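[1] got a structure for you, letters missing:
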């Protein structure tokens, strides 16, 4: 049986939660026993977000097969608990690149290459390629909003899918906004009406409307929207703001989103099993205590730059029955003189990944403070590399130790590009991307955490630990607890005589789930919780 297709579009303004709506519906359908996958269409011309500043689109989420993708794929994976692939992230840049490659190769047999049919056919191929016989439902989110010139080829392509497939195999869900106008104290439906009118002018009639609002949508308003937007009243779904992201699927279930989708697609399994998800949300709501953890980074003005790290900390909190209050600290503001003042209030410190030398010294000062004051610490990617640099400078007394990313002629390159990578350019070049194995040494904290000899974790980096310094660093106490199976690449370092000082070259945040937190985050939060308890006892 071929798969069924759900297309999610957005209107009025961006940032309404199309991704969360798609991810939540995916979870609701999975809980009905269906095999679900999700893909995202991004209208920008970049082939992928890999070379984009985090301030443009937030974090770059990496799939297991090494695709650099939009952060919405992180939401998809966390909600439906399925590992997505490069086929789940399609940009205009990727589409046009494929079309131009085919044109140069002569695939179009001398025809004039046009948006319709050639670009739209390429988009449809990307949709249909996901229907590999292993999924029942494909949810496709179209980025941007209706009316954006960049989105038009994608909207035309999904319109064509609607006439190429049987009516019961395709539905369109439109996510829109009901603003509350200050002074009137009432929700306004006119923006939604105009958005639906725009969508209909492109040949797409939405089957379901998901209306984002900060207040309950009264029946009278739903009936009005139904009348003006040509959608049945029961298919006008309210999507209210909630305290916890993972409550959204249950709220949308109560509103009837999944039932409406099942009816339109003529799906037989309509009875869900939400027991596990409901128990998880219930436990989250019962949490009473909290701890404070600082994320020390260089892109803190946009919290989405560290979205998966923040979510992973929350997941670690759920497992330890504490709420994790996250503070975003700009590493450029940290100096040797003020580091104690800035970081003393926190129970744990995370130094995440990044590129470039801006704010590096502040990260090093934060790591030194955590190391010398027994503050639970987790370094990720660049965070691990800076932990090695800090240790080399302040424990081995190699004061000029550095990464060749920041100083190509440093006398002590404790972090460097390996010989077989030296011809790689700094930007846009080949990196270690996606899943790579890590062998964990016995009798280490890493082994206590993972309880496995070998793990698979996702990577996104180019520079590596320099093995020439390995023996000296280990003698002084910075243990290499995880390596590649051939022992050539150092994947994890830790300190023995520290409550929790662990750093990894990979990105554990990409595999964390709300009901199955990444082990390194779970144990960081556990250590921070213990520190918080000890601090509170000493102050009594």
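    Yep, that arrived. Every value quoted in this text rests on a predicted model; they were computed, and no experiment measured them. Numbering: from 1, shown residues only.

[2] switch to C-alpha atoms for all contacts and neighbour counts from now on
    Noted.

[3] how about low-confidence regions in the stretch 351-500 of the chain?
    The stretch 351-500 of the chain contains residues with pLDDT under 70 at 419-430.

[4] buried sites along stretch 449-466?
    Neighbour counts over stretch 449-466 (16 or more other CA atoms under 10 Å) mark 454, 457-466 as buried.

[5] out of those, the closest to residue 318 would be?
    In terms of CA to CA, no member of the buried residues of stretch 449-466 lies closer to residue 318 than residue 457, at 21.8 Å.

[6] thought that closest one was touching residue 507?
    Yes: contact status for residue 457 versus residue 507: in contact at 6.9 Å, counting by CA atoms under 8 Å.

[7] break down the stretch 1-150 of the chain into its helices, ranges please.
    Assigned by DSSP state H, counting those that start in this stretch, the helices in the stretch 1-150 of the chain fall at 18-30, 54-57, 72-80, 92-105, 120-128.

[8] mind putting these into a markdown table with mean pLDDT and mean neighbour count?
    A markdown table is the format used below for those (pLDDT from 0 to 100; neighbours: other CA atoms under 10 Å):
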| stretch | mean pLDDT | mean neighbour count |
| --- | --- | --- |
| helix 18-30 | 96 | 26 |
| helix 54-57 | 85 | 15 |
| helix 72-80 | 96 | 25 |
| helix 92-105 | 96 | 16 |
| helix 120-128 | 96 | 19 |
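
[9] of those, which approaches residue 242 most closely?
    helix 18-30 (12.0 Å).

[10] what's that closest one in contact with?
    8-10, 36-38, 72, 75-76, 79-80, 139-141, 175, 248-249, 252-253, 257-258, 272, 274 (CA atoms under 8 Å, 6 or more residues apart in numbering).

[11] now, of the residues you listed, which are buried?
    Buried, going by 16+ other CA under 10 Å: 8-10, 36-38, 72, 75-76, 79-80, 139-141, 175, 248-249, 252-253, 257-258, 274, out of those.

[12] could you tell me which of those residues belong to strands?
    8-10, 36-38, 139-141, 175 (DSSP state E).

[13] how about the residues you listed, which pair is most distant?
    Greatest spatial distance in these: 10 and 36, 20.9 Å, computed using CA to CA.

[14] all strands for the stretch 201-350 of the chain, in order.
    Secondary structure of the stretch 201-350 of the chain (DSSP state E, counting those that start in this stretch): strands located at 208-213, 236-240, 290-297, 323-330, 348-351.

[15] winner for burial among those?
    Counting by mean count of other CA atoms under 10 Å, strand 348-351 has the highest mean neighbour count of those, with a mean of 28.

[16] look through this protein and tell me its longest helix.
    Determined from DSSP state H, the single longest helix within the chain is helix 519-539.

[17] what helices or strands is that one leaning on?
    Judged by 3 or more CA pairs under 8 Å, 6 or more residues apart in numbering; DSSP states H and E, the packing partners of helix 519-539 are strand 290-297, helix 307-319, strand 348-351, strand 377-380, helix 445-450.

[18] could you point out which element follows the last one?
    Read that as helix 445-450. Note on helix 445-450: by DSSP states H and E, the next helix or strand toward the C-terminus is strand 454-461.

[19] tell me the pLDDT at the residue with the largest distance to the centre of the chain?
    Centroid-distance maximum for the chain: residue 110 at 41.9 Å, with CA atoms, centre = their mean. pLDDT recorded at residue 110 is 91.

[20] which ones are touching it?
    Counted by CA under 8 Å, 6+ apart, residue 110 has zero contacts.

[21] once you drop chain neighbours, what's closest to the most centrally placed residue in the chain?
    Closest to where the C-alpha atoms of the chain average out (CA atoms, centre = their mean) is residue 74, at 3.0 Å. Nearest residue to residue 74 in three dimensions, chain neighbours excluded: residue 61, at 6.2 Å (CA to CA, 6 or more residues apart in numbering).

[22] count of residues packed around that neighbour?
    Residue 61 is flanked by 24 other residues according to other CA atoms under 10 Å.

[23] now swap in residue 474 and tell me
    Neighbours of residue 474 (other CA under 10 Å): 14.

[24] wasn't it part of a strand?
    No: looking at residue 474 with DSSP: H, G, I helix; E, B strand; the rest coil, it is helix, so not inside a strand.

[25] mind listing what it touches?
    Residue 474 neighbours (CA under 8 Å, 6+ apart): residue 480.

[26] let's see 10 Å
    480, 493-495 (CA atoms under 10 Å, 6 or more residues apart in numbering).

[27] with residue 359 instead?
    296-299, 330-334.

[28] farthest-separated two in these?
    Across the contacts of residue 359 (CA to CA), the longest gap, 14.0 Å, separates 299 and 334.

[29] follow-up on the earlier one: strand 323-330 and the longest helix of the chain, what's the angle between them?
    On the basis of axes from the mean of the first three to the mean of the last three CA atoms, to 10 degrees, helix 519-539 is oriented at 100 degrees to strand 323-330.

[30] would you mark the buried spots in helix 519-539?
    519-532.

[31] one more: stretch 164-175?
    Those would be 169-175, for stretch 164-175 by 16+ other CA under 10 Å.

[32] ditto for stretch 82-93
    Per 16+ other CA under 10 Å, stretch 82-93 contains these buried residues: 83-85, 88-93.

[33] distance between the ends of it?
    Length of stretch 82-93, first residue to last, CA to CA, to the nearest Å: 26 Å.

[34] swap in stretch 329-337?
    16 Å.

[35] residues contacting that stretch, please?
    294-301, 339-343, 349, 351, 358-366, 368-369.

[36] from the middle of its chain, how far away would that stretch be?
    In terms of CA atoms, centre = their mean, to the nearest Å, the centre of stretch 329-337 is found 26 Å from the chain centre.

[37] what does stretch 380-394 give?
    With CA atoms, centre = their mean, you get 25 Å for stretch 380-394.

[38] try stretch 6-20
    That offset, for stretch 6-20, works out to 17 Å (CA atoms, centre = their mean).

[39] with stretch 408-420 instead?
    Counting by CA atoms, centre = their mean, stretch 408-420 comes out at 31 Å from the chain centroid.

[40] circling back: which residues do residue 457 and residue 507 both contact?
    434-435.

[41] distance of the closest residue to residue 518 other than its chain neighbours from residue 186?
    In this structure, residue 518 finds its nearest non-sequential neighbour in residue 512, 4.4 Å apart by CA to CA, 6+ apart. Residue 512 sits at a distance of 40 Å from residue 186 (criterion: CA to CA).

[42] which residues in the stretch 351-500 of the chain form helices?
    360-372, 382-394, 445-450, 470-475.

[43] distance to residue 192 added to those, as JSON lines?
    Below are the helices of the stretch 351-500 of the chain laid out as JSON lines (distance: least, CA to CA, whole Å):
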{"stretch": "helix 360-372", "distance to residue 192": "46"}
{"stretch": "helix 382-394", "distance to residue 192": "44"}
{"stretch": "helix 445-450", "distance to residue 192": "49"}
{"stretch": "helix 470-475", "distance to residue 192": "61"}
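
[44] out of the ones you listed, which comes closest to residue 43?
    With CA to CA as the yardstick, what comes closest out of these is helix 382-394 (30.0 Å).

[45] please identify the buried residues of the closest one?
    382-393.

[46] quickly check the residues you listed for the two that are furthest apart.
    382 and 393 (16.3 Å).
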